[in-house]
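*Asks:* Please find the sequence and the predicted model below.
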Number of protein chains: 2
Amino acid sequence: MSNTSRDTIFIGKKPLMTYVTAAIIQLATQPAVTIKARGLTTAIAIDVAQSVLSKTKPAFEIASVTIGSESLVAADGRNRDVSTIDICIKRAAA
Amino acid sequence: MSNTSRDTIFIGKKPLMTYVTAAIIQLATQPAVTIKARGLTTAIAIDVAQSVLSKTKPAFEIASVTIGSESLVAADGRNRDVSTIDICIKRAAA
């Protein structure tokens, strides 16, 4: 419900397999899915991508990995920069 | 001393700025530097890359980001897969 676009998975605090399953389900009907994360969950995003690839090997591959940073307003009102990662997984060419 | 190749920086447990400074020093004399990390430090590698880019803007840019996984033998003798990230930063085209 929190995803506005159906082909994007935002990594949060749920167990890893939640996101792996969600990504594989999306990839069953969509040509590509993007896994997005920021801050410390970026490490989990990479784990999710690797799990998806190893469980579905060799059907999918990594299309692109993009890193960036985003400015957030922290609870104390100051700006904080957090790192982000976007991993796009697509169906491998036959 | 721990780096075999001079153009690679491995992210460990030192403070973030240690790696940022090391990367900027390398980039002063080398055309490109690769930041490597695995496991939970992958998130820190992205922070380091973003810090290097923001402090030297617009002199450098991200050449490539590669994610993968590596099999390690844990203390209990079992294999564990850990995620890895390699971020290559190069001098921006003038």
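*Replies:* Ah, there it is.
*Asks:* going forward, measure contacts between C-alpha atoms and count neighbours the same way
*Replies:* OK.
*Asks:* so where's chain A shaky on pLDDT?
*Replies:* Low-confidence segments of chain A (pLDDT under 70): A:1-5, A:94.
*Asks:* For it, just list every one of the helices.
*Replies:* A:16-29, A:42-56 (DSSP state H).
*Asks:* what does chain A put close to chain B?
*Replies:* In this structure, chain A approaches chain B at residues A:39-44, A:46-47, A:50, A:65-69, A:82-84, judged by CA under 8 Å from any CA of the partner chain.
*Asks:* Now do the same contact list for the nearest residue to A:R6 once chain neighbours are set aside.
*Replies:* Leaving out its chain neighbours, the residue that sits closest to A:R6 by CA to CA, 6 or more residues apart in numbering or on different chains is A:Q26, at 7.8 Å. Counting by CA atoms under 8 Å, 6 or more residues apart in numbering or on different chains, A:Q26 makes contact with A:R6, A:D7, A:V33.
*Asks:* With A:G68 instead?
*Replies:* A:S83, A:T84, A:I85, B:I46, B:Q50.
*Asks:* Determine the number of other residues adjacent to the first one.
*Replies:* The one in question is A:S83. Around A:S83 there are 25 other residues, counting by other CA atoms under 10 Å in any protein chain shown.
*Asks:* Who are the contact partners of it?
*Replies:* Contacts of A:S83 by CA under 8 Å, 6+ apart are A:R38, A:G39, A:T42, A:I67, A:G68, A:S69, A:E70, B:A43, B:I46, B:D47, B:Q50.
*Asks:* distance of the most centrally placed residue in chain A from chain B?
*Replies:* By CA atoms, centre = their mean, chain A has its centre lying nearest to A:I35, at 1.5 Å. As judged by CA to the nearest CA, to the nearest Å, A:I35 and chain B stand 13 Å apart.
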